[in-house]
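Visitor: Return a 3D structure for these sequence lines:
(one chain, ligands or ions: 1)
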Amino acid sequence: MSTTTALNTDWQRVIEEIAEEVKPLLATGAVADYIPELRNVDKDNFGMFVSLLDGREYYCGQAQTKFSVQSISKVFTLTKAFSMLKDGLWERVGKEPSGNPFNSLIQLEHENGKPRNPFINAGAIVVADCVVSHTQDSLNDMIDYIRGLAANKAIHIDHAMFRSEKAFGHRNAALAHFMKSYGNIESDVDEVLDFYFGHCSLSMSCEDVSRAFLFLANHGVHPLTNKRYLTASQAKRLNALLLTCGTYDAAGDFAFRVGMPGKSGVGGGIAAIIPGLLSVCVWSPGLDKYGNSLAGVKALELFTTKTGISIF
Ligand code: GLU
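Guide: Numbering: from 1, shown residues only. All right, here's what the predicted structure looks like:
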């Protein structure tokens, strides 16, 4: 579909149709429970927010309700680390899909403490270390950075979620200590983990997340503020990583069904973009067996099917 045709799409009608069509799926997914605090979310929630680069916005359902962004926040820390360390970052973390669960330890030993990509937990912990090692008051600085991206000062950590993640984060602690033993974590492990649990525990709405992803649809420049977050080349690379590694061990299926670079989190959010056109965030807490929002993936599949736009 040409960009002109895409701009004439009746976006509001499309997302309302989608919300109706995915309703039967809301009961079928399973809310993540390995972080106990995540259990306390109602599976009936569904929200969708679309931000066009020309400033138009469309939403439906609980698009303004805050949810736990979890791994979606890894995109923001990666953006910051990539802009600071540039290609030096790739000496510490790879760029290949892992083919393993997001919190796996096994591959890390085979590959000498260098995580496959920045979106599996080990990779995101290395990225967290890069940010912690290069900034003062790292978590507050990161929250301000994300507030700037989302154009919303009212973005905060959910402290109950943070405590829950920290109390049950033994596997993440194991990953971090293991990488420290290989010299791939520079800062104090506990400091890095607090930063990592902190950004994963942020509460944001579909509206916040969709706006915060707009720079990735616009070659690295945020259209709402004209601020450059990444070079055009870096934005291209980050989008490539989203497509190949952004949706756990189902990135192939997501690319096949949806055809957009995207990032999901175990809180049930998924953010995705079409370069040159839009960003979108969908939220529904019931997850499929890979950890992606079940109704969320379906909603994005319907979105590209009904509008006829995708990156392909
Ligand atoms: N904070 C979560 C963890 O470390 C992130 C999980 C996710 O959303 O993928 O397990």
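Visitor: Please count neighbours and contacts with C-alpha atoms only from this point.
Guide: Will do.
Visitor: How about whatever residue of the stretch 101-250 of the chain ends up closest to the ligand: what's its closest non-neighbour residue?
Guide: Going by C-alpha to the nearest ligand atom, the ligand is nearest to residue 200 of the stretch 101-250 of the chain, at 4.9 Å. Nearest residue to residue 200 in three dimensions, chain neighbours excluded: residue 70, at 4.0 Å (C-alpha to C-alpha, 6 or more residues apart in numbering).
Visitor: Burial check on that neighbour, number of neighbours?
Guide: Using other C-alpha atoms under 10 Å, residue 70 has 24 neighbouring residues.
Visitor: How about residue 194?
Guide: 17.
Visitor: Remind me which helix or strand it belongs to.
Guide: Element membership for residue 194, per DSSP states H and E: helix 189-200.
Visitor: thinking again about what came up before, what's the separation between the residue nearest to residue 200 and residue 188?
Guide: Shown here: residue 70 relative to residue 188, a distance of 22 Å by C-alpha to C-alpha, to the nearest Å.
Visitor: Residue 31 now?
Guide: Distance from residue 31 to residue 188, counting by C-alpha to C-alpha: 32 Å.
Visitor: And those two? Which one has more around it.
Guide: Neighbours were counted for residue 31 and for residue 188 using other C-alpha under 10 Å; residue 31 has more, 23 against 14.
Visitor: can you tell me how far that one sits from residue 260?
Guide: To residue 260, residue 31 is 24 Å away according to C-alpha to C-alpha.
Visitor: Show me what the mean pLDDT comes to for the strand or helix carrying residue 77.
Guide: Per DSSP H and E, residue 77 falls inside helix 73-85. The average pLDDT for helix 73-85 rounds to 98.
Visitor: Report the distance from whichever helix or strand comes after that helix to the chain centre.
Guide: Per DSSP H and E, the first helix or strand lying C-terminal to helix 73-85 is helix 106-110. Remark: helix 106-110 is offset 24 Å from the chain centroid, using C-alpha atoms, centre = their mean, to the nearest Å.
Visitor: Show me what residue of the stretch 51-200 of the chain gets nearest to the ligand.
Guide: Closest approach between the stretch 51-200 of the chain and the ligand, counting by C-alpha to the nearest ligand atom: residue 71, at 3.6 Å.
Visitor: Give me the buried positions along stretch 36-56.
Guide: 37-38, 41, 43, 45-53 (16 or more other C-alpha atoms under 10 Å).
Visitor: now those residues in CSV, with pLDDT, distance to the ligand and secondary structure?
Guide: As requested, those are exported to CSV (pLDDT from 0 to 100; distance: C-alpha to the nearest ligand atom, whole Å; DSSP: H, G, I helix; E, B strand; the rest coil):
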residue, pLDDT, distance to the ligand, secondary structure
37, 94, 11, helix
38, 94, 10, helix
41, 95, 15, coil
43, 95, 16, coil
45, 98, 18, coil
46, 98, 18, coil
47, 98, 18, strand
48, 99, 18, strand
49, 99, 20, strand
50, 98, 21, strand
51, 98, 23, strand
52, 97, 26, strand
53, 97, 27, coil
